[in-house]
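# Below are the sequence and a predicted model for it; my questions follow.
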Amino acid sequence: MIKAVLIDIDNTLLDFDAYVREAMRDGFEKFGLPSYRDEMYGVFLRVNTEFWHRLERGEITYGELLRERWNCIFSALGISFDGPTFEAYFKSCLFDSAIPVEGAAELLEYLKGRYILCAASNGPYRQQINRLEKGGLLPYFSECFISEQIGASKPSAAFFSRCMDTLNRARAEAGEEALFPSEVMMIGDSLTSDIAGAIGSGIETCFFNRDMRPLPQDLSIDHVVYTLEEIRRFL
């Protein structure tokens, strides 16, 4: 029986894709770059996804991602501009971005009180906490596991182990039995970060597939949903 739920933030609770489009449109205008076009987002998505996969594989550091990401995006777009300058703008805007995914608040309202509810996200701690607060979602969580704070990133076993350790310390202090990984569910939109990481740690999985991506044959996913509302069917 599931007793605790870990929920990813970006593109699960808060709409990172919508933020990127907004930041590119406004930022390109601010810095006098060519006008943003919808197809430019596809370039961002391709380059950004590869950078995050390299980070997950331990091939680069988070600092290297921040230094190199926009240089590569601008190169792919044929734009001559300093990537780190745009990265600083991009991150400053992201700090205050809180565009909710449809149904996010309603899902958290439903889960609150039924389960131990925890955010589980890669990224800077203050940024992610601020975004949850601005989006009105922070009060729903008993714990927020953010990679910068806990010293490990999804999909590493260390990330999920530290989540479990924190939860079980709190339960021990309350005189409650320890949680087993099989009593925890991870909900997220990333097959590599959220789903593969949770599977590797023995945690039940729910893949939020709002873009209707093809499902890999090599991952045994417990639940697949296309809207957040569908999660109520099994939780």
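Perfect, I can see it now. Numbering: from 1, shown residues only.

# what ranges do the helices span in this protein?
16-30, 38-56, 62-77, 83-95, 104-111, 125-134, 147-150, 157-173, 196-200 (DSSP state H).

# So for residue 207, which of those helices sits nearest?
helix 196-200 (9.8 Å; C-beta to C-beta). Backbone N, C-alpha and C define where each C-beta goes, glycine included.

# tell me the contacts of residue 100?
Residues near residue 100 by C-beta atoms under 8 Å, 6 or more residues apart in numbering: 13, 14, 15, 135, 137.

# Adding neighbour count, pLDDT and distance to residue 223, write those residues out as TSV.
Output for the contacts of residue 100, formatted as TSV (neighbours: other C-beta atoms under 10 Å; pLDDT from 0 to 100; distance: C-beta to C-beta, whole Å):
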residue	neighbour count	pLDDT	distance to residue 223
13	29	98	17
14	24	97	21
15	21	95	21
135	19	95	24
137	22	98	21
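
# And the furthest pair within the residues you listed?
15 and 137 (12.3 Å).

# Comparing the helices of the chain, which comes out most buried?
Mean neighbour count (mean count of other C-beta atoms under 10 Å) peaks for helix 196-200 among these, with a mean of 20.

# which residues are in contact with it?
With C-beta under 8 Å, 6+ apart, helix 196-200 has contacts from 6, 154-157, 159-160, 186, 188, 204-205, 219-221.

# before we move on, the earlier item: could you redo the helices of the chain as a markdown table and give each row distance to residue 234 and mean pLDDT?
Below are the helices of the chain laid out as a markdown table (distance: least, C-beta to C-beta, whole Å; pLDDT from 0 to 100):
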| stretch | distance to residue 234 | mean pLDDT |
| --- | --- | --- |
| helix 16-30 | 25 | 95 |
| helix 38-56 | 27 | 93 |
| helix 62-77 | 34 | 95 |
| helix 83-95 | 32 | 94 |
| helix 104-111 | 12 | 98 |
| helix 125-134 | 24 | 96 |
| helix 147-150 | 27 | 95 |
| helix 157-173 | 21 | 97 |
| helix 196-200 | 15 | 96 |
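
# That's all I had, so thanks and see you.
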